[in-house]
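1. turn this into a model:
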Amino acid sequence: MKKKYIVRLSTEERSHLETIIKRFKGSSGKIRRAQILLKADVEGPGWTDKKISEAFNCRVKTVENVRERLLTEGFEVTLNGKTPPNPPRAKLLSGEQEAELIAMRLGTPPVGYGQWTLKLLQKQIIELVPDQHSNLG
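-> This next block holds a predicted model:
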């Protein structure tokens, strides 16, 4: 079967991948993707997907996906992965405020309530952190 996504690495890309593998620089997934790209390079070893998957203990589909991603999304995205679309938000409460909230939740609820509700906790948090109440509701 003729390959749809053919890997052709530049000299710089090849040396960058070799450096990552030699120094074990990065996550195990990054190192595996680097190994896959080097072996799939037609101007290098040019291994088949099956041979690459056997050598690096992964599925053939993984090798195909790495090939495709290189040509559709570029070298850096293939190697490092995509950045998350929504980075983690800054914490709204400090450690002391979190401790107060937990202690409040574990304590008895206000008079007239059988248990703590999220609305009730939200009101209490707003009283604890009056300057950040616009982020909480």
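2. how far does the host helix or strand of S53 sit from its chain's centre?
-> In the assignment (DSSP states H and E), S53 maps to helix 49-55. Helix 49-55 sits 25 Å away from the centroid of its parent chain (C-alpha atoms, centre = their mean, to the nearest Å).
3. immediately after it, which helix or strand?
-> Beyond helix 49-55 on the C-terminal side, the first helix or strand identified by DSSP H and E is helix 60-73.
4. pretty sure A34 contacts I20?
-> Yes - A34 is within contact range of I20, at 4.7 Å (criterion: C-beta atoms under 8 Å). Just so you know, the C-beta spots here come from the backbone N, C-alpha and C atoms, and that holds for glycine as well.
5. overlap of the contact sets of these two?
-> 26, 79 (C-beta atoms under 8 Å, 6 or more residues apart in numbering).
6. which of those two has more residues huddled nearby?
-> A34 (22 against 19; other C-beta atoms under 10 Å).
7. the helix or strand the more buried one falls within - what's its average pLDDT?
-> Using DSSP H and E, A34 sits in helix 28-40. Helix 28-40 carries an average pLDDT of 93.
8. one more: stretch 122-137?
-> 68.
9. got the domain boundaries for this protein?
-> 11-80, 95-130 (automatic domain parsing).
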